Every structure is written in structure tokens, then in C-alpha cells.
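Asker: sequence unavailable; structure follows:
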């Protein structure tokens, strides 16, 4: 970290306690309306108590006396981005057996570092889908209390899944270790109990797995996990407690079971069929498809510790997932933005935007997935995802027009969250 960035980081932590009351006047070169796609020139944004108070042309919205002035007149400003599928407490170089060496306290500290990196890359809200020992709950609270910088977090705690399954059990150790993952629950009532335990420890959502996965040892990507009865019990219990449910699902039957059970989002959704598309439309299920991560896994995954078994599973899955992404888009299914960051380096989240464009989205649709769609998925549609009066002052700025060059969002130069500046040009 440069000396200038060290000074900025220290200043952020010192200023957090008083920043909420600060009035900030921001001049923009262009302001992107993510609803319409209109890019309005020479707009001013007035921020007070961490929220947007007023927006208007610079000539018609004067700077209030005593307000802090932020000059972004050479930049395009848009809402802070969000990512619906990250693993902040994991690192991209700790795959396979290397992960066994990461203690729960160490993962919590890892999460703190990755939270800062993620925020400074322009992601002001993220959903952390799976963390051991409720480390993500602690991380969320530390960020919310101003103890460390990071995005606004929506967290799941330990995922809930079957014995030997992808997301809840530990399949790396031989039998004599008697290793059982903390989220393992078999049968409808055990599943309900596992959900209740996570709610007890204050998670925001529930993560489960309804198929095997690429990066777990001994699971088949397409094989279903949990019966429909078990998934229905899980979703019913979670929804009773006001928690949403995200289900990891690559295989077709597991995708369809998850949607029928009423999950709020399906993660990965690689092997979609016509029934999957119909069900997703009918239920309003949001698909979160991580179509960038395959490049990291097949490019440098072996050096990162990814097992040969997992590399072979990714070869079978990546291309099909991208085809499914295009089919879902053409079928009118709602697509969120989620990357699986942590499998690849944190901070590279925005690289997926260009892949979404490559596989059929317009730049505006890709941006909307990381703003408007995710805000609705998170239940924060009246709080984030737009630059509008009353919304949280989550703003980012880039040098170029993202509607013409979506890759400019990989080079964010300004980040504000809740009215506090975390990255300045």
C-alpha cells in the first residue's frame, strides 16, 4: 500500500464517527441513471447524514455554505455496485488441501483484508454466502460499527447441507478423523434445526446446496443434494424467520427442486433446461450465474491448489454455464450479479461485467444486474442501487463511459459508502 493510501485509510477510520453528519456537495461530469440508461452531464449531488438529499444540474443546485466539496467533474458517477455471491473469508490461493490450514480466527482476519479490497474496487454491498464459525457475522458487525472498512454485508454463516455434500461437510480428511462440517443436517427436522441455529447467531440469510459442486471433493456437479421435502422444510423455516435462501445448484434436477421449494436465488445454475427456465419465470427466482470464474479455475487453478478432480469438473461445467446464461437471458429470467470472488482474487469482481456483455447482455443490463436486481434480491431496493433522493450515498466514479466501455468499471477511481469517501482520485 502506498503512503498516500495509508494516510487515506487512517483518515477514513478517524472520520467515520463524524462523517454521518457531514454535508457533501459532489460535482459530476456525468451521472448515470441506471433505470433509464440516461447519462446526464454536469450534475450535482447533495449528501447529508450518509444519504442523498438532492440531485440537479450544477447551475441550479448551489453548494450549501460549509458543505464539503468533491470535484468529480471529469468522471462518470453511478451507484455503488453489489455482488450477490462472494466468500470474503477465503483466498484464491487456498484451494483444496491448502484450506485445511486456515483456522477460523485466521479466516476472520482474511475477511477483514478482503472486505477493504472489495470496497475499494467499487462494491459497496455484497452477500457473503458461506463462512465457518459465523466469521462473516462478526465481519459484518465490525464493518457496521466502523471498526474496519468494508462493504455493507449480507451474511449466511455456515451453509446448511447434506452429509458428504458440497457446501456443508468436510470431505478432504480420511474417515478416522471423523470430520463433520458444522452445517450438516439430514432430514426435514434436522434441516429446520440447522436453520434455527443460524438464525440464533444472527445471520441475514440461509445458504444451502441442492447439487454437488466443482470445488468439493467427491461430489458430482449434476447430482441432486437434498430431497424436495428437505428443501421445502429449509425454505419454509428460513422464510418464517424472515430470511431469504440462496441455493447452490449446478445440475438440472437440483436447480428445479430448489426453485419449486421456493428459494430466492439459485447460484451457478449451470445446467438449465426448458423446465428450469419456465419455473424461474413463474416463481420469480433470481439466477446468480458466475460466468467469469471458469477462466481463473482453468487458467491458474492448479497453481492455486485446486484438485485435478475439480479441474475436470470445471471443464464439464464452464462452457455449459455460459450457454445457460445466454438462454436464461433470452428467456426473460431475472439475472443477478454474483461472481464467487474468493475462488478468484477479491477485487476482480467487476471483470464479470464484460463477460455478461460478451454472452448477451447490454452494458446497461449488466450494470442493472449489479445494482437494481441485486438490491431487490437483498430486500434493499429502497436503500441502494440508485442515485436518488432518500437513498444511501453509495457512489462510485470511473474515467470513461461504462455504456461504451464496460471494462472501465474494473478501474474505479472513487468510492463513497454511506457518505464516507473510501477511495479518491
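Answerer: Perfect, I can see it now. What you are looking at is a predicted structure, and each value in this text was computed from that prediction instead of being measured.

Asker: return the set of buried residues in stretch 329-340.
Answerer: Buried residues in stretch 329-340, counted by 16 or more other C-beta atoms under 10 Å: 329, 333-340. C-beta here means a position set from N, CA and C on the backbone, and glycine is covered the same way.

Asker: quick one: which of those is nearest to residue 289?
Answerer: Closest approach to residue 289 among the buried residues of stretch 329-340 (C-beta to C-beta): residue 335, at 6.5 Å.

Asker: for the closest one, give me its contacts.
Answerer: For residue 335, the contacting residues are 286-289, 325, 328-329, 356, 361, 369, 373, by C-beta atoms under 8 Å, 6 or more residues apart in numbering.

Asker: which of the buried residues of stretch 329-340 fall in strands?
Answerer: Cross-referencing the buried residues of stretch 329-340 with the strands (criterion: DSSP state E) gives 335-336 as the overlap.

Asker: the nearest residue to residue 95 once chain neighbours are set aside: which element?
Answerer: Closest residue to residue 95 apart from its sequence neighbours, by C-beta to C-beta, 6 or more residues apart in numbering: residue 305 at 4.0 Å. Here residue 305 is covered by no helix or strand, with elements defined by DSSP states H and E.

Asker: of the buried residues of stretch 329-340, closest to residue 124?
Answerer: Within the set of the buried residues of stretch 329-340, residue 337 lies nearest residue 124; the separation is 13.0 Å, counting by C-beta to C-beta.

Asker: so what does the closest one look like in phi/psi?
Answerer: Backbone dihedrals for residue 337, given as degrees, to the nearest 10, come out at phi -120, psi 110.

Asker: do the same with residue 402
Answerer: When quoted as degrees, to the nearest 10, the phi and psi of residue 402 stand at phi -70, psi -20.

Asker: now do it: how many residues are near it, please.
Answerer: Counted by other C-beta atoms under 10 Å, the residues lying close to residue 402 total 24.

Asker: and residue 100, how many neighbours?
Answerer: Residues lying near residue 100 (other C-beta under 10 Å) number 12.

Asker: and it, which of the three is it?
Answerer: Local secondary structure at residue 100 is given as helix here, using DSSP: H, G, I helix; E, B strand; the rest coil.

Asker: and the buried residues of stretch 329-340, which is closest to residue 66?
Answerer: residue 337 (37.9 Å).

Asker: pretty sure that closest one contacts residue 288?
Answerer: Yes. Assessed by C-beta atoms under 8 Å, residue 337 is found in contact with residue 288 at 7.3 Å.

Asker: any shared contact partners between those two?
Answerer: Residues touching both residue 337 and residue 288 (C-beta under 8 Å, 6+ apart) are residue 84.

Asker: returning to that earlier point: and the residue nearest to residue 95, how far from residue 373?
Answerer: When C-beta to C-beta, to the nearest Å is the yardstick, residue 305 and residue 373 sit 33 Å from each other.

Asker: give me the more crowded residue out of the two.
Answerer: Set residue 305 next to residue 373 and count neighbours by other C-beta under 10 Å: residue 373 wins out with 22 against 15.

Asker: elements contacting the helix or strand hosting residue 114?
Answerer: Assessed by DSSP H and E, residue 114 sits inside helix 104-120. Counting contacts by 3 or more C-beta pairs under 8 Å, 6 or more residues apart in numbering; DSSP states H and E, the secondary-structure elements packed against helix 104-120 are helix 135-144, strand 414-417, strand 420-423.

Asker: pick the most buried one from these.
Answerer: Highest mean neighbour count among those (mean count of other C-beta atoms under 10 Å): strand 414-417, with a mean of 24.

Asker: which elements pack onto that strand?
Answerer: For strand 414-417, where contacts count as 3+ C-beta pairs under 8 Å, 6+ apart, the packed elements are strand 68-79, helix 104-120, strand 395-398, strand 420-423.

Asker: do you know which of these lies nearest residue 36?
Answerer: Residue 36 lies closest, by C-beta to C-beta, to one member of the helices and strands packed on strand 414-417: strand 68-79, at 12.5 Å.

Asker: can you give me the offset of that closest one from its chain's centre?
Answerer: Once both centres are worked out by C-alpha atoms, centre = their mean, to the nearest Å, strand 68-79 turns out to sit 25 Å from its chain's centre.

Asker: ok, stretch 369-386 next?
Answerer: Shown here is stretch 369-386, whose average C-alpha point lies 12 Å from the average C-alpha point of the whole chain (C-alpha atoms, centre = their mean).

Asker: buried ones in the helix or strand harbouring residue 327?
Answerer: Following DSSP H and E, one finds residue 327 within helix 308-330. Of all the residues in helix 308-330, those buried under the rule 16+ other C-beta under 10 Å are 310, 313-314, 317-318, 321-322, 324-325, 327-329.
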